[in-house]
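**Q** Below are the sequence and a predicted model; questions follow.
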Amino acid sequence: MKKLGISVLFFITFIIIYILQANLFPHLKIAGVMPNLFIILILWIGLFANATEAIIFGIIMGILLDLTYGKVIGITAIMLCVIGYLGAYFDKNFSKESKFKILLMVIGSTIIYELGYYILSVAIIGYDFEWLRFMRIVIFEVIYNVLITILLYPLIQNLGYKIDRNFKKNNILTRYF
């Protein structure tokens, strides 16, 4: 039952982020680029819940975002699914204790998301690949996402460990032996 409540919390968080992305962040653009809190959310779900939860939420949230903003349904869903899986991979192979490591995970996830999104858009829609435009988007989005992660880190870590205890009942030592 707790897992259902946590899943509802994930969806409510998605709605809040959606409202911020749609209403507040367009006014806070730097060089025409907004932060992408969905990357942070799905990475967080992958890190602290599990791969299945992160992949499912990545696909659902991605389809909802594609229905609202996308030109093709599925690109955002694919990339958020990849980020969810990447979060679960990071959980198994890296420590979540360090703020620096979390920031590196956010940087890597943002770059992978944007690179994959751009490649899929070029392949499916036929966008012209503009290297400088792509680099500008990635650089500013990484900076934005890192700043937001730094601001939200205490909340991310505290809620994350509570969720981690509910999704992963096993003792931390048994994960390494």
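**A** Now that the structure is in, tell me what you want to look at. This structure is a prediction, so every number in the text was calculated from the model and none was measured. Numbering: from 1, shown residues only.

**Q** Now do the lengthiest helix in the chain: which elements does it pack against?
**A** Longest helix in the chain, counting residues (DSSP state H): helix 131-167. Here helix 131-167 touches helix 2-19, helix 37-48, helix 99-124, going by 3 or more C-beta pairs under 8 Å, 6 or more residues apart in numbering; DSSP states H and E. Where you see a C-beta, it was placed from the backbone N, CA and C, and this is true even at glycine.

**Q** Against residue 49, how distant is residue 150?
**A** Using C-beta to C-beta, to the nearest Å, residue 150 is found at 22 Å from residue 49.

**Q** More neighbours: which of the two?
**A** Per other C-beta atoms under 10 Å, whichever of residue 150 and residue 49 has more neighbours is residue 49, with 26 against 13.

**Q** That one touches residue 167, doesn't it?
**A** Yes - contact criterion C-beta atoms under 8 Å: residue 49 and residue 167 qualify, at 4.7 Å.

**Q** Which neighbours do the two have in common?
**A** Common neighbours of residue 49 and residue 167 are listed as residue 6 (criterion: C-beta atoms under 8 Å, 6 or more residues apart in numbering).

**Q** got the contact list for the residue nearest the centre of the chain?
**A** Nearest to the mean C-alpha position of the chain, by C-alpha atoms, centre = their mean, lies residue 39 at 2.0 Å. Residues near residue 39 by C-beta under 8 Å, 6+ apart: 80, 83, 106, 109-110, 113, 145.

**Q** for residue 134, same thing?
**A** Taking C-beta under 8 Å, 6+ apart, we find residue 134 in contact with 114, 118.

**Q** and the gap between it and residue 65?
**A** 20 Å.

**Q** got it, and residue 96?
**A** Taking C-beta to C-beta, one finds residue 96 at 26 Å from residue 65.

**Q** what does residue 94 give?
**A** Residue 94 sits 27 Å away from residue 65, going by C-beta to C-beta.

**Q** How about residue 49?
**A** Using C-beta to C-beta, residue 49 is found at 20 Å from residue 65.

**Q** Likewise for residue 30?
**A** Distance, residue 30 to residue 65, by C-beta to C-beta: 21 Å.

**Q** More neighbours: these two, which one.
**A** Taking other C-beta under 10 Å, residue 30 and residue 65 do not tie; residue 65 has more neighbours (20 against 11).
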